[in-house]
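> Got a predicted model here, sequence first, then my questions.
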Amino acid sequence: MEAYETEEQQVEAIKSWWKENGKAVVVGGVVGIGAILGWKYYQSAQIEAKDTASMSYEKTLTALQASGAEAAESTQTFINANAKSEYATLAALQLAKVQVEAGQLDNAITQLNWIASNSKDESLIATAQIRIARIQAQQEEFDAALTTLETVKPASWAARVAEVKGDIALRQGDIATARSAYTEALQAGMNQAVQMKLDDLAE
């Protein structure tokens, strides 16, 4: 660092440096403070938005539990307003459930397809795909159901996929294929419910 012989020289050097660089320092400081305040505002806004979405989601669930498929319109409004949030996919999953219970199978498939296309959660996507396949089997669209099951990618869902394949085969009256699928499901880690299904098919 350059040495200065007197305090006056030091002061003059500081004045000169500030004259040349002061504006940049001020701007940099303002930008830095602005960035900090902006980030804090962004974080606060994000938290507030999540809290609002959470409360709206709870109200939506309450309406679905109380009114079933009759609450479809208000639930869809919530889904549309929060489409980029997983709250929307969870609401769509619950809406599909009550629509199945009301016999509105095509509407339920629409909700589940939306989840499969929009959710970022691997488990929610797989859940939606499995439920679509079950509905398609209920509609006796067996080939479509099997095709849907092929879209379930996570290896951790292999047992569930095998179980549903067994259920589809059973609906078709194909006992041998059902037995093979249930055995595969058990080997992949399914529970006693599948064992009971397999036992019912004992020769």
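Structure's in. What do you need? Numbering: from 1, shown residues only.

> what stretches of this protein score poorly on pLDDT?
1-52, 203 (pLDDT under 70).

> let's go with 80 and repeat that
Under the criterion pLDDT under 80, the flagged ranges of the chain are 1-53, 190-191, 202-203.

> all helices of it, in order?
Secondary structure of the chain (DSSP state H): helices at 7-67, 72-81, 86-101, 105-118, 122-138, 142-149, 158-171, 175-187, 192-200.

> Would you format those helices as a markdown table with mean neighbour count included?
Placement of C-beta: from N, CA and C, glycine included. Shown next, in a markdown table, are the helices of the chain (neighbours: other Cβ atoms under 10 Å):
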| stretch | mean neighbour count |
| --- | --- |
| helix 7-67 | 12 |
| helix 72-81 | 16 |
| helix 86-101 | 21 |
| helix 105-118 | 19 |
| helix 122-138 | 20 |
| helix 142-149 | 18 |
| helix 158-171 | 21 |
| helix 175-187 | 18 |
| helix 192-200 | 14 |
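
> Return the residues in contact with Leu146.
Ala133, Lys165, Ile168 (Cβ atoms under 8 Å, 6 or more residues apart in numbering).

> ok, now with 7 Å
Leu146 makes contact with Lys165, Ile168, according to Cβ atoms under 7 Å, 6 or more residues apart in numbering.

> cool, and the one 3 residues further on?
Taking Cβ under 7 Å, 6+ apart, we find Leu149 in contact with Ala133, Val161, Val164, Lys165.

> quick one: which of these is nearest Gln192?
Val164 (17.1 Å; Cβ to Cβ).

> So that closest one versus Leu198, what's the distance?
Per Cβ to Cβ, to the nearest Å, Val164 is found 14 Å from Leu198.

> sorry, back to before: pipe the contacts of Leu149 into CSV and attach distance to Leu146 per row.
Formatted as CSV, the contacts of Leu149 follow (distance: Cβ to Cβ, whole Å):
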residue, distance to Leu146
Ala133, 8
Val161, 10
Val164, 9
Lys165, 7
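
> quick one: which of those residues is nearest Ala193?
Val164 (12.5 Å).

> so what's the closest residue in space to the closest one that isn't next to it in sequence up against?
Nearest residue to Val164, sequence neighbours excluded (Cβ to Cβ, 6 or more residues apart in numbering): Ala133, at 5.5 Å. Applying Cβ under 7 Å, 6+ apart, we find Ala133 in contact with Ala145, Thr148, Leu149, Val164.

> Is Glu163 in contact with Ala185, as I believe?
Yes - Glu163 is within contact range of Ala185, at 4.2 Å (criterion: Cβ atoms under 7 Å).

> Tell me the residues that contact both of these two, please.
Contacts common to Glu163 and Ala185, judged by Cβ under 7 Å, 6+ apart, are Val194.

> Look up the closest residue to Gln136, ignoring the ones flanking it.
Per Cβ to Cβ, 6+ apart, closest to Gln136 is Ala145, 3.8 Å.

> ditto for Arg179
Going by Cβ to Cβ, 6+ apart, Arg179 has Leu201 as its nearest residue, at 5.0 Å.

> is it true that the one you found touches Ala178?
Yes - judged on Cβ under 7 Å, Leu201 makes contact with Ala178 at a distance of 6.2 Å.
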